Every structure is written in C-alpha cells, then in structure tokens.
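Asker: with the sequence up front, the predicted model follows.
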Amino acid sequence: QISSVIGRLGMDTALLRFVAEYSSQGKWEIVKDIYKKAIKLVLPFSIIISILVFFSSPYIAELIFKKPNLEPYFKIVSIGIVPFVLLFIHTESLRGLKKIKEYMFLQQAGIFILASILLGIGTLLLTSHVLNIINVELNFLNQVPVLTYIFSVFIISLVAYFVWKNQLNIAPNFRKTYKPLTYSYILSVSVPMLFSSSLALIMGWTDTIMLGVFRTEEEVGIYNVALRVSMITSLSLMAINTIAAPKFAEFYANRNLNELLSFAKKITRIMTMISFPITLLTVLFSKEILYIFGQEFKYGQISLIILTLSQFINVYFGSVIPILNMTGNQVFVQNIILVGSLLNIILNLLFVPYLGIIGAAISTFISILFWNVISGYKVSKFLGKWIIFIPKL
C-alpha cells in the first residue's frame, strides 16, 4: 500500500478531480488526454518502485522490522505494486464519473471477495491427505494467503481497466478544440496530492509500524483489531466521501460555492447523526466487542475507546480534506498532513515504547484532532462558514 501510493504520483486523486470537472463540462477530449498522460507517468515509475522493493526486501525485513522471515512476503507483494497502482488510477477515474457502484466493488470489495473465495477453495482442496501426497513445504503454505491476495489484485485491476475503457468508448465522440493540459500542470496538481496521500498513509500506519518495532507481534494484532473496529464509526464518512468528492469538484468547476457549502453542511449533519450512536455503543460495550475476538483482546479496550473517539472527530469535522483537494487547495492539504504526520511520529516515539497500544491510540487521537481543526478552519475561511454540525437544543 505504501509503495503503491508513491507509485501513483498522486494521479489517482488528480484524475478524480479532473475527470469530474471536465466530464461535467462535456470536455471528453481533455479527459482522455489527461488519462493517457497519467498512464505514461505512473506506469514506468511504479515499475521502478516494484523492482526496488523486490531487491530491498531483505533489508526491509531485517533492518526495519527485525524479522528476517518477512523477506519472502515483501518479495511477493512487490509483484503486486504495478497492478495495485493501475487499479487506483482506473477506479478513481470511474469515481470521477460518479460510477459509485463500480468504484465500490472494484476498489473496496472486489479484491477481498475474490481472495476470500480463492483462499476458501484452496483450503478445502489442500487437505492433510493431499498435502502428504504432494509434499508441500510449510513455508509455501504460509505464503498462500499473500499469493492469493496478489493474484486477486491482478484480476480486479484488469477488470477495472476494461470497465474504464468501456466508459470512454460510450462517451460522446464529438470533437472540439480544447487546449490540452500540460504535463507540468498535471504534476503541479498531482504531486501535492501524492505527498498528502503518502503522508496520510504513513500517519495511518505509523502506530502499527512503531508497535512492530518497539513492542510484540501480539500487541500489533490486538491494536489492529481495535483500529479496525473503531473505523466502523467513520464508515458514514468513507461512504459519503466516495459520492461527495466528485460533487465538490463539479461545484468548484462551475463556481457554485454556495451550493458546495450547503451540500457539505448537509452531508456533515447526516454523517454525524449516523456516527454518534455507533460511537456511543462502541465506547459503552468496548470490552464485550473485543471478547468476540478472544479473551486476550480485552487488553485493547482503552485503545478501542480512544480510537473510536478519534474516528468520531473525523466524522464531526466533515469532508474537509476532499473539499480542499477538489477546490485547488491541495498544497495546503499537503502541508497540514505533513505537520500532522511529523506530530504523529514524534508522539508515537515518545509514547509507544512505554505505553504500548494505549500510547499509539493517544498519538492517533491528538494527530487527528490537530489536522481536522486546522483543515476545518481553512474550509470555513474558503466557504465563509464552518461545516460542522451543531445540534439545536
């Protein structure tokens, strides 16, 4: 994931904005030209990243994680970097056309559904009797889930390409003379988005990586379960942002800032009202929820509460990052996420060695609160009002 974010050069988010903006204006020649230029930029770059990860796998495993046994896994996933990059390029382009069902299946669900089916079939076929006959090594069996996942990435990425090409083929074919966007302009939009995406991913993974470096694998596992459960709170944000981002770009392209503000306030109110009861239930029944995964997960209760409150903050401040990215404020987003990421790293270095998973959760909470407040203020200056939901008593 980290490597593919770098390999995409921010083109996935840039294409989301450009496709939404120019398709709404009927400028399909520009859409097709931007897509071709994006592929010419990301394909060779992502191939280089893939090769670098493959040959640096032993160093990543041993020097960073102090776990040499991870080397073959890093080599396997390096093969999936290029199709993973292309998957995001095509799905974000579909999202720009408001093809939300296709986007959700291909980017969010398709890989996991296909991988689960293939892994299930493989598990049924590879019985102990069959394994004894074919004498499969244990190391290979341990790699089967990762191999299955990477194979699924290849298949879903190929499907995404054909779905996108079909959308281009059925687009209106009348030709007008538009001034094409230059590579330098496209990169001036995409590179800040690359840094924003990279830093956001790093911020999201910093706690897990720090736990992997300073603490035990068991703590990493417990924390990851707490993190995944807490993200249920922000499902409404992720779902609505999927639909909202191309709308923000469309409003901005047509200079309808009042409609953009009204739309942003409306969806923030909806998201907050959906997320509040989920937050409350997760906090009140945090221990019972973690017991579902096993008694050892009870040690993640405090972390789950803190992480759930962090996700609610994300929802409460609304779609501030997509609004800024879709309205030409990508450099500001880059800078604020840079500061937030550095803050997160410093806090994790201070807290994780001594407080473990609770320290990681506290670091995440402070970082999320920081960049949401700053980004929310920037949006309020741009649109004239805060978009947060304040219920009337």
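Answerer: Perfect, thanks for sending it.
Asker: not counting its neighbours along the chain, what's nearest the residue positioned nearest the centre of the chain?
Answerer: Compute the mean C-alpha point of the chain, and by Cα atoms, centre = their mean the closest residue is Leu201, 7.0 Å away. Distance criterion Cβ to Cβ, 6 or more residues apart in numbering; nearest residue to Leu201, sequence neighbours excluded, is Val5 at 5.1 Å. All C-beta spots, glycine's among them, are computed from the backbone N, C-alpha and C.
Asker: pull out the buried positions in the host helix or strand of the one you found.
Answerer: Element membership for Val5 (DSSP states H and E) is helix 2-7. For helix 2-7, burial by neighbour count (16 or more other Cβ atoms under 10 Å) applies to 3-7.
Asker: quick check: next helix or strand after that helix?
Answerer: Counting by DSSP H and E, the next helix or strand C-terminal to helix 2-7 is helix 11-24.
Asker: so which elements touch that following helix?
Answerer: With contacts taken as 3 or more Cβ pairs under 8 Å, 6 or more residues apart in numbering; DSSP states H and E, helix 11-24 sits against helix 28-55, helix 81-96, helix 183-214, helix 235-253, helix 320-326.
Asker: avg pLDDT for it?
Answerer: Regarding helix 11-24, the rounded mean pLDDT is 86.
Asker: mean pLDDT per helix and strand in the protein: which one sits at the bottom?
Answerer: helix 128-134 (a mean of 56; mean pLDDT, DSSP states H and E).
Asker: same for the next helix or strand after that one, what does it pack against?
Answerer: Downstream of helix 128-134, the next assigned helix or strand under DSSP H and E is helix 138-169. When contacts are defined as 3+ Cβ pairs under 8 Å, 6+ apart, helix 138-169 sits against helix 28-55, helix 71-79, helix 81-96, helix 110-125.
Asker: buried ones in the third one?
Answerer: By 16+ other Cβ under 10 Å, the buried positions in helix 81-96 come out as 81-96.
Asker: off-centre distance for the following helix or strand past it?
Answerer: Downstream of helix 81-96, the first helix or strand assigned by DSSP H and E is helix 100-103. Its chain's C-alpha centre and that of helix 100-103 lie 16 Å apart, by Cα atoms, centre = their mean, to the nearest Å.
Asker: same check, this time on stretch 32-47
Answerer: 20 Å.
Asker: buried sites along it?
Answerer: Within stretch 32-47, the residues that qualify as buried are 33-35, 37-38, 41-42, 45-46, counting by 16+ other Cβ under 10 Å.
Asker: which elements pack onto the helix holding Val5?
Answerer: Counting contacts by 3+ Cβ pairs under 8 Å, 6+ apart, helix 2-7 packs against helix 28-55, helix 81-96, helix 183-214.
Asker: report how many residues lie close to Lys266.
Answerer: 13 (other Cβ atoms under 10 Å).
Asker: that one: which element?
Answerer: Using DSSP H and E, the element containing Lys266 is helix 257-284.
Asker: who does that helix touch, helix- and strand-wise?
Answerer: Using 3+ Cβ pairs under 8 Å, 6+ apart: helix 257-284 touches helix 235-253, helix 301-316, helix 357-383.
Asker: leaving out chain neighbours, which residue sits closest to Trp240?
Answerer: One correction, residue 240 is Ile, not Trp. Once flanking residues are discounted, Ile240 sits nearest to Ile267: 5.1 Å by Cβ to Cβ, 6+ apart.
Asker: and the pLDDT at the one you found?
Answerer: Looking at Ile267, its pLDDT reads 89.
Asker: in this structure it contacts Ala244, no?
Answerer: Yes. At 5.8 Å, Ile267 counts as touching Ala244 under the criterion of Cβ atoms under 8 Å.
Asker: overlap of the contact sets of those two?
Answerer: Jointly contacting Ile267 and Ala244 under the rule Cβ atoms under 8 Å, 6 or more residues apart in numbering are Ser319.
Asker: in the buried residues of stretch 32-47, find the pair that's most separated.
Answerer: Across these, no pair lies farther apart than Asp33 and Ser46, at 20.5 Å, counting by Cβ to Cβ.
Asker: so what touches stretch 315-326?
Answerer: Counting by Cβ under 8 Å, 6+ apart, 13, 16-17, 20, 193, 196, 233-234, 236-237, 240-241, 244-246, 248-249, 252, 260, 264-265, 267-268, 271-272, 275, 330, 332-333, 372-373, 375-376, 378-379, 382-383, 387-389 sit against stretch 315-326.
Asker: ok, back up a step: now distance to Phe312 too, for the helices and strands packed on helix 2-7, in TSV please.
Answerer: Converted to TSV, the helices and strands packed on helix 2-7 look like this (distance: least, Cβ to Cβ, whole Å):
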stretch	distance to Phe312
helix 28-55	35
helix 81-96	25
helix 183-214	17
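Asker: and these as a markdown table, adding mean pLDDT and distance to Ala61?
Answerer: Formatted as a markdown table, these follow (pLDDT from 0 to 100; distance: least, Cβ to Cβ, whole Å):
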| stretch | mean pLDDT | distance to Ala61 |
| --- | --- | --- |
| helix 28-55 | 91 | 11 |
| helix 81-96 | 92 | 17 |
| helix 183-214 | 81 | 11 |
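Asker: count of neighbours near Asn329?
Answerer: Asn329 has 19 neighbouring residues, counting by other Cβ under 10 Å.
Asker: what are the buried residues along stretch 179-193?
Answerer: 181, 186-187, 189-193.
Asker: what do you get for stretch 243-250?
Answerer: 244-250.
Asker: ditto for stretch 275-282
Answerer: 275-276, 278-279, 282.
Asker: show residues contacting that stretch.
Answerer: For stretch 275-282, the surrounding residues in contact (Cβ under 8 Å, 6+ apart) are 229-230, 232-234, 236-237, 289, 304-305, 308-309, 311-312, 315-316.
Asker: for those residues, which one is nearest Gln25?
Answerer: Among the contacts of stretch 275-282, and counting by Cβ to Cβ, the member closest to Gln25 is Leu237, at 28.3 Å.
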